[in-house]
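Asker: return atomic coordinates for the entry below.
(one chain, ligands or ions: 1)
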Amino acid sequence: MNIGVVGMGFVGSVTAAVLADQGNAIIALDIDPEKIEKLSSGNIPIFEPGLKELVLKNKKNLKFTTDYKMLKDLGIIFVAVATPNLNGKIDLEYVYKAIRSVVSVNNDAIVVIKSTVIPGTGSKIENEFNVKIVSNPEFLREGNAIDDTVHPDRIIIGGEEEYAEKVANIWKFTHAPILITTRENAELIKYASNSFLATKISFINEIANLCEKIPNADVETVAKGMGYDRRIGPLFLKAGIGYGGSCFPKDIDAFIAYARELGEDMRIIKAAKNVNEDRIVRIINILKKKFGKIKGLNILQLGISFKENTNDLRESQALKLYYLLIKNGANVTVFDPINSVKGINFCKNLDNCLNDVDVIVVATEWPDFKKIENMHIKIPLIDGRRILDPEKFEKYVGIGRYCGD
Ligand code: UGA
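Answerer: Numbering: from 1, shown residues only. Next up, the predicted model:
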């Protein structure tokens with residue numbers, strides 16, 4: 001099948017590569033010539049495990065372009081452009097621009113919105129532009145994007161049945177359950193899912209706070225015990241320094257603002273956001289308790305991205321923690337397996353990072369940090385992600401673990 005994909009960010013580039021791998025001929029468009037240039041020459045502008053290989057493998061099925069005219073004969077065009085926030089509310093400018101450009105060359109195609117948009121957006125655009133709109137929200141995670149696209153838990157499609165079925169056919173290869181519904185339900189499912197996941201994280205983080213006050217308590221075991229209950233499930237119960245990234249924080253703000261306009265106060269979601277904002281302050285408090293003050297402390301921070309396997313620093317709690325530590329007068333050096341940030345002091349090789357360090361703080365859940373378990377570390381270590389074995393350290397403090405009075 002000939003398919004168009006507009007927007008070569010995480011969602012667009014992975015969608016294009018996976019659909020090409022399924023034998024479809026893909027026209028992949030972005031308005032940024034530099035991005036297109038890189039993609040055409042096999043230099044993937046984002047860090048996503050496996051993406052480069054998939055793009056190179058399917059070179060002949062993938063045509064990268066900046067020219068909307070290339071979409072004129074296509075029957076199905078995915079739109080996967082960014083939907084950032086403006087003053088806490090969703091900014092649909094890029095979606096509108098993309099759809100206006102698509103319609104200017106082709107108003108017969110089914111336009112499939114993959115971007116996260118507030119409920120009602122698809123229907124509004126359909127009326128305004130007189131174009132067939134189907135909503136097909138994306139649930140992939142950065143760092144795991146290809147596997148999530150090939151083996152998703154579900155496919156959600158919103159729109160008129162005739163068009164929705166055509167989009168469903170594209171995803172049949174995944175063998176995932178396909179739910180065809182209204183556009184509004186599809187759009188809502190995306191926000192409700194992200195908000196629920198963020199709430200799940202904040203919930204376990206609040207239990208972690210409590211565990212720190214109870215002798216013999218450990219959030220890891222509490223989460224494990226809870227997770228055996230199939231109604232709760234074991235996933236997304238990992239306590240840490242909070243959620244970040246390009247999706248949860250922005251989607252939660254947009255959802256709260258959207259609901260407010262409808263006269264609804266999303267109390268639970270607001271609480272989840274509140275708990276999340278407090279996470280890095282808790283690390284500051286642990287340090288203050290342990291060392292009396294933070295000013296002048298030499299800290300080695302492990303990780304700067306919002307989670308492992310990514311170079312994405314958007315809304316990264318680790319990055320926010322770094323700035324908060326600096327604000328409190330600490331001297332911070334960061335080690336991260338792939339990332340560096342201008343203005344931040346990075347240490348390139350973990351083996352050489354430990355000189356003159358007073359305390360180590362784990363801020364991102366990179367599996368590479370496990371290596372430190374065998375380095376006979378004698379200085380205090382604060383595990384903000386609970387990825388290390390406490391037994392391997394002389395002075396281990398883990399969030400969500402009893403830490404004395
Ligand atoms: C998230 C959703 O998981 C995807 O389903 C969704 O498609 C995507 O947003 C999106 O809307 O585009 P992503 O932001 O890539 O995906 O990352 P996650 O793996 O969900 O992690 C988000 C944050 O939560 C990270 O900072 C991670 O460290 C944190 N987290 C995750 C925890 O603190 N504990 C957990 O148990 C899980």
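Asker: can you give me the pLDDT of the residue nearest the centre of the chain?
Answerer: Central residue check for the chain by C-alpha atoms, centre = their mean: the C-alpha nearest the mean position is that of G245, 4.6 Å away. On pLDDT, G245 comes in at 96.
Asker: against L302, how distant is it?
Answerer: Going from G245 to L302 by C-beta to C-beta, to the nearest Å gives 18 Å. Yep, even glycine has a C-beta here, placed from its N, CA and C like the rest.
Asker: contacts only, for the closest residue to the residue nearest to the centre of the chain other than its chain neighbours.
Answerer: Spatial nearest neighbour of G245, excluding adjacent residues (C-beta to C-beta, 6 or more residues apart in numbering): F306 at 4.3 Å. By C-beta atoms under 8 Å, 6 or more residues apart in numbering, the residues touching F306 are Y243, G244, G245, D312, L313, R314, E315, S316, Q317, A318, L319, T364.
Asker: for I155, same thing?
Answerer: If you count contacts by C-beta under 8 Å, 6+ apart, then I155 has N136, A168, W171, T174, A176, P177, I178, L179 around it.
Asker: derive a PyMOL selection command for the buried subset of these.
Answerer: Per 16 or more other C-beta atoms under 10 Å, the buried members of those correspond to this PyMOL selection:
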select buried, resi 136+168+171+174+176+178
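Asker: which member of the contacts of I155 is positioned nearest the ligand?
Answerer: Closest approach between the contacts of I155 and the ligand, by C-beta to the nearest ligand atom: N136, at 12.2 Å.
Asker: quick one, what contacts the closest one?
Answerer: F78, V112, I113, K114, I155, I156, I157, G158, V167, A186.
Asker: change it to 7 Å
Answerer: Contact partners of N136, counting by C-beta atoms under 7 Å, 6 or more residues apart in numbering, are V112, I113, K114, I156, I157, V167.
Asker: before we move on, back to that, of the contacts of F306, list those near the ligand.
Answerer: For the ligand, the contacts drawn from the contacts of F306 by C-beta under 6 Å from any ligand atom are Y243, G244, G245.
Asker: tabulate these (JSON lines), appending secondary structure.
Answerer: Shown next, in JSON lines, are these (DSSP: H, G, I helix; E, B strand; the rest coil):
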{"residue": "Y243", "secondary structure": "coil"}
{"residue": "G244", "secondary structure": "coil"}
{"residue": "G245", "secondary structure": "coil"}
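Asker: in the contacts of I155, find the pair that's most separated.
Answerer: Spanning the widest gap among these are N136 and P177, at 14.2 Å by C-beta to C-beta.
Asker: got the phi/psi numbers for I360?
Answerer: Torsion angles at I360 (phi, psi; degrees, to the nearest 10) stand at phi -110, psi 140.
Asker: can you pull up the bridge partners for it?
Answerer: L300, L381 (DSSP bridges).
Asker: my guess is it contacts N298. True?
Answerer: No. The pair I360 and N298 does not pass the contact test of C-beta atoms under 7 Å, sitting 10.2 Å apart.
Asker: neighbour count: those two, which is higher?
Answerer: I360 (24 against 14; other C-beta atoms under 10 Å).
Asker: now the more buried one: how far from the ligand?
Answerer: Distance of I360 to the ligand, given as C-beta to the nearest ligand atom, to the nearest Å: 18 Å.
Asker: now stretch 383-403: average pLDDT?
Answerer: Summarised as a single mean, pLDDT over stretch 383-403 is 96.
Asker: name the next helix or strand downstream of the longest helix that the chain contains, please.
Answerer: Across the chain, the longest stretch assigned as helix under DSSP state H is helix 183-211. Counting by DSSP states H and E, the next helix or strand C-terminal to helix 183-211 is helix 219-227.
Asker: buried residues in stretch 177-191?
Answerer: So for stretch 177-191, counting by 16+ other C-beta under 10 Å, buried means I178, I180, T182, R183, E184, A186, E187, L188, I189, K190, Y191.
Asker: ok, the fourth one - contacts?
Answerer: Counting by C-beta under 7 Å, 6+ apart, R183 touches G122, S123, I133, S135, G158, G159.
Asker: isn't the fourth one right next to I113, touching?
Answerer: To tie it back to what came earlier, the one meant is S135. Yes. At 5.3 Å, S135 and I113 qualify as touching, with contact defined as C-beta under 7 Å.
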